[in-house]
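# quick one, what's the 3D model for this:
(one chain, ligands or ions: 1)
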Amino acid sequence: MSAVNLLDFDLEGLAAFCEQLGEKRFRAVQLFRWIHQKGATDFDQMSDLAKSLRGKLQGVATLERLKVISEHVSADGTIKWLFDVGGGNAVESVYIPEDDRATLCISSQAGCAVGCRFCSTGHQGFSRNLSTGEIIAQLWHAEHTLRQRFKRDDRIVSNVVMMGMGEPLQNYNALVPALRTMLDDHGYGLSRRRVTVSTSGVVPMIERLMKDCPVALAVSLHAPNDPLRDELVPLNRKYPIAELMATCVDYLSAAPRDFITFEYCMLDGVNDTDEHARELIALVRHKVPCKFNLIPFNPFPQSGLKRSNNPRVQAFARILADAGIVTTVRKTRGDDIDAACGQLAGEVQDRTRASERMLRQPIMIQAAAVADRKA
Ligand code: SF4
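Here you go, the predicted structure:
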């Protein structure tokens, strides 16, 4: 029988595992704290655990950390790790320090099946879901490596965003125990407001998350109407904007914040005109309490898309702000190490042949969307 990776468990899971070993729940709490709060890598370090339990664990359990392929540190303090997740697949995490917080952007899948046109991960295709252990190991690595490096005892990572490679809500069963571990006072003790799941709009799973583990929600919107969003975020064909907006409103009844964050990647000539901004206002004002985060696009060769220029982004932001919608323009961080949003390419064995599909599809987004709206 292969050993069980204890990083795969939230506290309830670990308690059930300990029970199978004939151990009481408080032992699971001790073990959980050693793993996640103290960063223990070896059962022998867990000095207040009974020797008999440590002995039992040696035979049946492991703590599987991720192998680091590379680490890049930006001039602005941003750190990007590339982790080996086996089978020729690699995923990335990015640590972004700011004055009042330090955010870790975590991956949930090796690749992504959603295939958003502006996203280099989507372009690579999908290989596999990460396990709970592989998701939480990214936080474990950042927290405990940096504590040692910065010679600090207090918490390093204050915020987590599930915004790296992958669509987290298409890996729901692994995601939720990882979120619970982040929130657990015996784990990382992050507040629900400081843990954000970013989704391209998997409506049924947003509804489940609302019941199972309501953390802050960000939605990758990127277009104000269905024809354009169908092209940019193909999942929209399954869950169109009206359905997504209604679900966002429902989610707010359980959410730790009283707004949804809409991510909007600014694409030159595609979704960045004054008219698009006015359409967005009509879509959300007095309907969906929200804030907009405008993201400068990070071009990659195969996308056929261009970044909106700064004056255009500012003009777009001003139209939204003048309508009373809180709007921020995301600062690009870690540009010198390709750690900015949408650049988390990792490396995957593409089982979906996404790159071939994309190459076959000409970029006719703008023309199609305008024609559809005028029809
Ligand atoms: S933006 Fe997110 S959901 Fe879309 S392809 Fe990229 S990783 Fe997947």
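
# how near is Glu12 to Ala61?
Using C-beta to C-beta, to the nearest Å, we find Glu12 at a distance of 16 Å from Ala61. The C-beta positions use only the backbone N, C-alpha and C, and glycine is treated the same way.

# how about Lys287?
With distances taken as C-beta to C-beta, Lys287 is found 49 Å from Ala61.

# comparing the two, which residue is more hemmed in?
Ala61 (19 against 12; other C-beta atoms under 10 Å).

# count the neighbours of the residue in the stretch 201-350 of the chain positioned nearest to the ligand for me.
Taking C-beta to the nearest ligand atom as the measure, the point where the stretch 201-350 of the chain comes nearest the ligand is Ser220, at 5.5 Å. The local packing of Ser220 (other C-beta under 10 Å) involves 26 other residues.

# right, and it touches Cys116 too?
Yes - when contacts are counted by C-beta atoms under 8 Å, Ser220 is listed as touching Cys116 (7.1 Å).

# this protein against the ligand: which residues are in contact?
Cys112, Val114, Gly115, Cys116, Cys119, Thr121, Gly122, Met165, Gly166, Glu167, Ser200, Ser220 (C-beta under 6 Å from any ligand atom).

# A strand includes Ala15, no?
No - when DSSP: H, G, I helix; E, B strand; the rest coil is applied, Ala15 is found to be helix, with no strand at that position.

# state the pLDDT value of the closest residue to Cys116 other than its chain neighbours.
Counting by C-beta to C-beta, 6 or more residues apart in numbering, the nearest residue to Cys116 once its immediate chain neighbours are dropped is Gly122, at 4.4 Å. In the prediction, the pLDDT value recorded for Gly122 is 84.

# what's around Gly122, how many residues?
26.

# quick one: Thr78 from the ligand, how far?
Relative to the ligand, Thr78 is positioned 19 Å away (criterion: C-beta to the nearest ligand atom, to the nearest Å).

# tell me the contacts of the residue in the chain positioned nearest to the ligand?
Closest approach between the chain and the ligand, counting by C-beta to the nearest ligand atom: Gly122, at 2.6 Å. Contacts of Gly122 were listed using C-beta atoms under 8 Å, 6 or more residues apart in numbering, and they are Cys112, Val114, Gly115, Cys116, Ala354.

# need these in CSV with neighbour count, can you?
Converted to CSV, those look like this (neighbours: other C-beta atoms under 10 Å):
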residue, neighbour count
Cys112, 29
Val114, 23
Gly115, 23
Cys116, 23
Ala354, 21
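
# max pairwise distance over those residues: which two?
Between all members of these, the longest pairwise span (C-beta to C-beta) is found for Cys116 and Ala354 and amounts to 10.6 Å.

# roughly how far is the top helix by length along the chain from the heart of the chain?
Assignment by DSSP state H gives helix 132-150 as the longest helix of the chain. Relative to the chain's own centre, helix 132-150 is displaced by 16 Å; criterion: C-alpha atoms, centre = their mean, to the nearest Å.

# what sits up against it?
Defining contact as C-beta under 8 Å, 6+ apart, one finds that helix 132-150 is touched by 5-10, 35-36, 39, 64-66, 68, 79, 81, 83, 85, 91, 93, 95, 104, 106-108, 152-153, 155-157, 160, 164, 174-175, 177-178, 181-182, 188.

# please flag which of the residues you listed sit within helices.
Ala174, Leu175, Pro177, Ala178, Thr181, Met182.

# Tyr264: which of these is nearest?
The shortest distance between Tyr264 and any of the ones in helices among the contacts of helix 132-150, using C-beta to C-beta, involves Leu175 and amounts to 23.6 Å.

# which residues sit in contact with the closest one?
So, once contact is read as C-beta under 8 Å, 6+ apart, Leu175 ends up touching Ser108, Thr132, Ile135, Met162, Pro168, Leu169, Val197.

# let's see that with 7 Å instead.
With contact set as C-beta atoms under 7 Å, 6 or more residues apart in numbering, Leu175 has these partners: Ser108, Ile135, Pro168.
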